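> This is a predicted model, with the sequence first.
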Amino acid sequence: MLGLNPRDLRKAMKRLGIKVEEVQAIRVVIELEGGSRLVVEDPQVMVMRARGQPPMIYVVGEPVEEKPVEAGEGGGEGGVEISEEDVALVAEQAGVSLEEARRALEEAGGDIAEAILRLQRGR
């Protein structure tokens, strides 16, 4: 955005009376019409709040389009492919076994953040 780094952007926003809050996100998913999704792994995310305006979410990262998985395609339950990397990440972040992490990922349709949140809420 106009060549500003995030630190300079926060300073500029503060001068304009806009509060900026950094969000520690693992993954950002934007669901598109037609079932595809834009996925940003390891994004830098900021929420900007100005009085009288709805919050603005600023996401920095490389989006990758994921096409919808047809029934019967891919691995795992319900056609969702779940990598061992994803299972290990969820297990580490949620402090659970690999089996519990895989089950949560299957229930969340492969959504890492959702799986972690489900496991953390279940405690």
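Received the coordinates, thanks. Residues are numbered from 1 along each chain as shown.
> so how far is Glu107 from Leu117?
Computed as C-beta to C-beta, to the nearest Å, the Leu117 to Glu107 distance reads 11 Å. No exception for glycine: its C-beta is placed from N, CA and C like everyone else's.
> same thing with Ser36?
Between Ser36 and Glu107 the distance is 22 Å, computed by C-beta to C-beta.
> what residues are up against the residue sitting furthest away from the middle of the chain?
What lies farthest from the middle of the chain is Arg15; by C-alpha atoms, centre = their mean that is 29.2 Å. By C-beta atoms under 8 Å, 6 or more residues apart in numbering, Arg15 lies in contact with nothing.
> What residues sit buried inside whichever strand or helix holds Val45?
Element membership of Val45, judged by DSSP states H and E, is strand 44-49. By neighbour count on 16 or more other C-beta atoms under 10 Å, the buried set for strand 44-49 is Val45, Met46, Met48.
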